[in-house]
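Student: only geometry, no sequence info:
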């Protein structure tokens, strides 16, 4: 997959079928759009491409209320490549870009840069300055400029779920610790990445050493609790892990912020400085204060047993 930046000069090598959007999380709704995009590109004999942004537009438009991100830019590009796309056109989202009128955006990006023949988007699609552009607007531009528009209905991750799949719905599930629902909507386990940093070694002192993972402040992670999940090292080695997110009230009554710690099962070694990938499979229990170290250690043994049993049954 080739990444084209809007600062690059020249056109794409051949006409394209495209989709447009933030694509945060690349969830199952996004995946449905991408599947249809690939079908259309094949039928038309053109290249497949996604137009997306180098940051979430809300980080520019309303930074104080911007949503936490489900995927970093690197993660998003990896997922788009895995979907089978030929190109990603990466727009630098600046204040000037935010004020681009819908028609100007279509002419500059769709026509001048990507020679678009078909656009595939979800039925809730909006674009351009103040989200002025919508499906009807896009279809009108398509008639004038020579590209067709296909829309897909929003989907639910199962028949009992009333809310359509969306990045917002995934964030809401994570905020409630419901990583199972997040998994269903993402089509994979939610993954958090960060560097392993030196902690206070409390876990090592009680026989449960943990990797303390520094996560970028703009990233979304599940609610404070204990989870069963997977930990992947840079070389691809994957370990079962009991994961704690929280303020460790047994040790620190007034901690100011939550930490992410992973206890790797069947591992001995040094992880400091490595980049870690942590996937959340199941909520085990809420975090709470224990009456002493012995009670905490007993519960940690239970967490490890449950993690091993659950992940062995998952067969992931």
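Tutor: Perfect, I can see it now. Since the model is a prediction, treat every value here as computed from it, not as a measurement.

Student: so who does residue 283 touch?
Tutor: Contact partners of residue 283, counting by CB atoms under 8 Å, 6 or more residues apart in numbering, are 177, 178, 179, 180, 222, 225, 226, 227. Every residue, glycine included, has its C-beta placed from N, CA and C.

Student: For the last one, give its distance to residue 311.
Tutor: Looking back up the chat, that one is residue 227. To residue 311, residue 227 is 11 Å away according to CB to CB, to the nearest Å.

Student: do the fifth one as well
Tutor: Distance of residue 222 to residue 311, computed by CB to CB: 16 Å.

Student: With residue 26 instead?
Tutor: 24 Å.

Student: Who has more neighbours out of these two?
Tutor: Neighbours were counted for residue 26 and for residue 311 using other CB atoms under 10 Å; residue 26 has more, 26 against 20.

Student: I'd guess that one is in a helix, am I close?
Tutor: No: with DSSP: H, G, I helix; E, B strand; the rest coil as the criterion, residue 26 is located in coil rather than a helix.

Student: Now the closest residue to it other than its chain neighbours, what are its backbone angles?
Tutor: The shortest distance from residue 26 to any non-neighbouring residue, by CB to CB, 6 or more residues apart in numbering, is to residue 79 (3.9 Å). Dihedral angles phi and psi of residue 79 (degrees, to the nearest 10) take the values phi -70, psi -40.

Student: right, and residue 79 touches residue 71 too?
Tutor: Yes: between residue 79 and residue 71 there is a contact at 6.8 Å, judged by CB atoms under 8 Å.

Student: So for the two, which residues contact both of them?
Tutor: residue 26.

Student: what's the overlap in contacts for residue 227 and residue 311?
Tutor: residue 281.

Student: quick one, what contacts residue 48?
Tutor: So residue 48 contacts 16, 17, 18, 37, 38, 41, 84, 85, 86, 87 (CB under 8 Å, 6+ apart).

Student: Of the residues you listed, which is the nearest to residue 236?
Tutor: Closest approach to residue 236 among these (CB to CB): residue 84, at 21.6 Å.

Student: Hmm, residue 153 and residue 135 touching each other?
Tutor: No: the criterion here is CB under 8 Å, and residue 135 misses it with residue 153 at 11.8 Å.

Student: So between the two, which is more surrounded?
Tutor: Between residue 135 and residue 153, counting by other CB under 10 Å, residue 135 is the more crowded of the two (17 against 10).

Student: Over to that one: give its phi and psi.
Tutor: According to degrees, to the nearest 10, residue 135 has phi -60, psi -40.

Student: Residue 262 now?
Tutor: For residue 262, the backbone dihedrals (degrees, to the nearest 10) come out as phi -120, psi 120.

Student: pretty sure it is touching residue 231, no?
Tutor: Yes: using CB under 8 Å, residue 262 is in contact with residue 231, at 5.0 Å.
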